[in-house]
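1. What would the 3D arrangement of this be:
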Amino acid sequence: MPDPAPRLLHDRWIDGLESQSRRDVARVLPGATAIDVDGFERQVMGFDRRLLRLCRADDGDTAVLDPDAGQLVLLSARNVPAYFAALAGLWKRGFVPLLADADFGRSEIAGLVESFRPALCLVDRRVEPAGGRADDLGGTLHGLRAWQPPHRLRPATAPGAAIVRLTSGTTGKPRGCVVTAAQLLADARQITTSMGITGRDSMVAAIPLGHAYGFVHVVMALVLQGTRPILVEQPLPALLLEALSGRGPIVFPGTPYLFDLLLKSAGRRRFKGLRLCLSAGAPLPADLGTAFRKAFGLPIRTFYGASECGGIAFDRSPGGGLPDGCVGTPLDGVTLDTVAVPGFENGTGRIRVTSAAVVSGYLDRESVRPLEGGPGRFLTQDLGHVDDRGHLWITGRVDRTINVDGRKVNPVEVENVLRGIPKVRQAIVLPIADRRRGQSVCACIVADRGLTRETVLAACAARLAPFKMPRRVEFVAAIPVTGRGKIDHAALAARIGGGEPSRPRRSAARA
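-> Next comes the predicted model:
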């Protein structure tokens, strides 16, 4: 018997909408009418019929889709209603959505296909995959096309999974987190309960739905309790202003970049229906939080989570606004402790999360590799401590991931692209401080004469999503190394000025 988990989410979604008689599933801006329940079901049924036709089609070159086998289907789309219909349709047939960033282009989609072997890809119509068979879904899923890659190997499966979401790996290739229906529902329940989000709220969806933050707050709050999303296809000032000007109560999960954009574009406009603002993805600058509260009379509350375990902590303080480094108290159902790291004192260590929302593990071929820490536990790469009032403080990281406005960039991936550029002899990527995005990408390059910054950026643009692009390119004579011959990231950061050493800070007693 196939695992019923994906179909369970589809049935719960449809049944919940019908029982609550909610006539609008989602609204997309600007000026589009809401999709009613009947319209949504028709869209799902139309996509289901198209899926079944694709399952039967076999031209001898393209792998046949196998319903109920737990095959992966890559989904890369912007915040549009078709995203919801695609999810519901895939869950109905037992397929497992592999969630990818909406900004991924042809090269990145091809890399994911090679790594994860999805049976089908649902991508933005602007993406032009090579080879295989493409099907413009037209009115069935407006804005998306279906593409069946020409697999040399049979499509991969993830039985028992409801979704597979991507997180940064250590080799330059992303890892797939295997998430069950029970884990998704637990995460959504812990978040909505802790934050007081109900089915009466509307959720402004300007953050990417393909990321854990957007997926659980927007998609799963709708599935769990009917919280209506207002979809913002692109985070443009005019669309944000319109979305937030509707009838409340409105919840706005955002990032520091989005809140800064809103503050600069709102002018004298105020949002009477806005009742809760959440910020995640990057540290919230104190002055931005102060200015936002002064302008709109509402605090921005910090939220902290990870792809492997969902929501972790949240600012529940009476007035909102936390000191730098503090990310609030654990969500209901989440337990935190720290694991000692040599060289760190005063309770500082790697943060360990225990929760029903912790994922099953990483997809490794067609088996699941458990997380470090055991079932129901995730040992993060973040360093920090929990104080005597239960507040969690983040003090650094033990890996090299660059956090660009909540989107994780693996330096190894960018370095691989840079090293493929003619005349580049060596390339190292570092994080640099970015006031609104938290961090940005800096490329340090040793190159032959004649290579220009423009050439580097053009080569990167052809292979990397915009948020992975270097915002700073530094040509250096040599890359410094330690006495053991390893790259000295701290020395390189100091040499270029403005870079951030990737190594975490040690306690003052051991500095």
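
2. C-alpha only now, for contacts and for neighbours.
-> Noted.

3. any idea of the pLDDT on residue 372?
-> Confidence at residue 372, expressed as pLDDT, is 85.

4. thought it was touching residue 360?
-> No: when contacts are counted by Cα atoms under 8 Å, residue 372 is not listed as touching residue 360 (10.9 Å).

5. Between the two, which is the more surrounded one?
-> A direct count of neighbours by other Cα atoms under 10 Å for residue 372 and residue 360 places residue 360 higher, at 23 against 12.

6. what about the closest residue to the more buried one other than its chain neighbours, how many neighbours?
-> In space, and not counting its chain neighbours, residue 360 is closest to residue 178: 5.6 Å by Cα to Cα, 6 or more residues apart in numbering. Neighbours of residue 178 under the rule other Cα under 10 Å: 29.

7. In contact with residue 185, which residues are there?
-> 220, 224, 357 (Cα atoms under 8 Å, 6 or more residues apart in numbering).

8. from memory the second one sits against residue 188, does it?
-> Same thing as residue 224. Yes: Residue 224 is within contact range of residue 188, at 7.1 Å (criterion: Cα under 8 Å).

9. more crowded one of these two?
-> residue 188 (26 against 22).

10. Tell me where the model's unsure across the protein.
-> For the chain, applying pLDDT under 70 flags the ranges 1-5, 16-23, 29-34, 36, 57-63, 138-139, 169-172, 343-344, 482-485, 498-511.

11. Now do the phi/psi pair for the residue nearest to residue 360.
-> Main-chain dihedrals, residue 178, degrees, to the nearest 10: phi -90, psi 120.

12. I figured it hits residue 363, correct?
-> Yes: with contact defined as Cα under 8 Å, residue 178 reaches residue 363; the gap is 6.1 Å.

13. hey, what's in contact with both of those two?
-> By Cα under 8 Å, 6+ apart, residue 178 and residue 363 have these common neighbours: residue 158.

14. mind listing what's buried in stretch 349-360?
-> Going by neighbour count (16 or more other Cα atoms under 10 Å), the buried part of stretch 349-360 is 349-360.

15. for stretch 162-182, that is, sorry about that
-> Buried, per 16+ other Cα under 10 Å, within stretch 162-182: 162-169, 173-182.

16. What is the end-to-end distance of it?
-> 9 Å (Cα to Cα, to the nearest Å).

17. you'd agree residue 494 is in a helix?
-> Yes: checked against DSSP: H, G, I helix; E, B strand; the rest coil, residue 494 lies within a helix.

18. now it: how far from residue 41?
-> Applying Cα to Cα, the value for residue 494 to residue 41 is 57 Å.

19. Between the two, tell me which one has more neighbours.
-> Between residue 494 and residue 41, counting by other Cα under 10 Å, residue 41 is the more crowded of the two (16 against 12).

20. What residues of the host helix or strand of that one count as buried?
-> Here residue 41 sits within helix 37-56, counting by DSSP states H and E. Judged by neighbour count using 16+ other Cα under 10 Å, the buried positions of helix 37-56 are 37, 40-41, 43-48, 51, 54.

21. which strands and helices sit next to that helix?
-> Contacts defined by 3 or more Cα pairs under 8 Å, 6 or more residues apart in numbering; DSSP states H and E place helix 37-56 against helix 5-19, helix 81-92.

22. Please work out which of those helices is packed deepest.
-> Highest mean neighbour count among the helices and strands packed on helix 37-56 (mean count of other Cα atoms under 10 Å): helix 81-92, with a mean of 23.

23. same for that helix, what does it pack against?
-> helix 5-19, helix 37-56, strand 96-99.

24. and the angle for the longest one with helix 81-92?
-> Meaning helix 37-56. Angle, helix 37-56 to helix 81-92, by axes from the mean of the first three to the mean of the last three Cα atoms, to 10 degrees: 60 degrees.

25. Tell me which residue lies farthest from the centre of this structure.
-> In the chain, the residue that sits farthest from the middle, by Cα atoms, centre = their mean, is residue 449; the gap is 38.7 Å.

26. distance of it from residue 213?
-> 44 Å.

27. Same question for residue 404.
-> According to Cα to Cα, residue 404 and residue 213 sit 14 Å apart.

28. Same question for residue 201.
-> Distance of residue 201 to residue 213, given as Cα to Cα: 17 Å.

29. Next: residue 135.
-> Residue 135 is 30 Å from residue 213, by Cα to Cα.

30. These two: which has the busier surroundings?
-> residue 213 (24 against 13).

31. Let me see the contact set for that one.
-> Under the criterion of Cα under 8 Å, 6+ apart, the contact partners of residue 213 comprise 207, 280, 305, 310.

32. Please apply the same query to residue 293.
-> Counting by Cα under 8 Å, 6+ apart, residue 293 touches 299-300.

33. Which strand or helix spans it?
-> Using DSSP H and E, residue 293 maps to helix 286-296.

34. can you check residue 229 too?
-> Counting by DSSP H and E, the element that carries residue 229 is strand 228-231.

35. Could you give the separation of that strand from the chain centroid?
-> How far strand 228-231 lies from its chain's middle: 18 Å, per Cα atoms, centre = their mean, to the nearest Å.

36. For residue 243, give me phi and psi.
-> phi -60, psi -40.

37. distance of it from residue 280?
-> Distance, residue 243 to residue 280, by Cα to Cα: 19 Å.

38. Quick check on these two: which one has the bigger neighbour count.
-> Counting neighbours by other Cα under 10 Å for residue 243 and for residue 280 shows that residue 243 has the greater number, 25 against 20.

39. I'd like the distance between the more buried one and residue 177.
-> 31 Å.

40. next one: residue 119
-> Distance from residue 119 to residue 177, by Cα to Cα: 18 Å.

41. how does the chain divide into domains?
-> Domains of the chain are assigned by automatic domain parsing as 5-160, 181-397, 402-510.

42. and which of the contacts of residue 185 is nearest residue 157?
-> The closest of the contacts of residue 185 to residue 157 turns out to be residue 357 (Cα to Cα; 21.6 Å).

43. show me what contacts the residue lying closest to the closest one once chain neighbours are set aside?
-> Leaving out its chain neighbours, the residue that sits closest to residue 357 by Cα to Cα, 6+ apart is residue 183, at 4.4 Å. Contacts for residue 183 (Cα under 8 Å, 6+ apart) come out as 356-359.

44. does residue 183 count as helix, strand or coil?
-> Residue 183 ends up helix, using three-state DSSP.

45. Tell me how far it lies from residue 360.
-> Plainly put, residue 183 is 9 Å away from residue 360 if you go by Cα to Cα.

46. that older thread, so how far is whatever helix or strand comes next after the helix holding residue 41 off the chain centroid?
-> Sequence order places strand 72-76 as the next helix or strand after helix 37-56, per DSSP H and E. Taking Cα atoms, centre = their mean, one finds strand 72-76 lying 14 Å from the centre of the chain it belongs to.

47. hmm, back to that, of all the buried residues of helix 37-56, which two lie farthest apart?
-> 37 and 54 (25.7 Å).

48. if I look at residue 354, how far off is residue 338?
-> Computed as Cα to Cα, the residue 354 to residue 338 distance reads 11 Å.

49. would you list every one of the helices in this structure?
-> Using DSSP state H, the helices found in the chain span residues 5-19, 37-56, 81-92, 106-116, 181-195, 212-214, 221-225, 237-244, 256-265, 286-296, 411-419, 453-461, 489-496.
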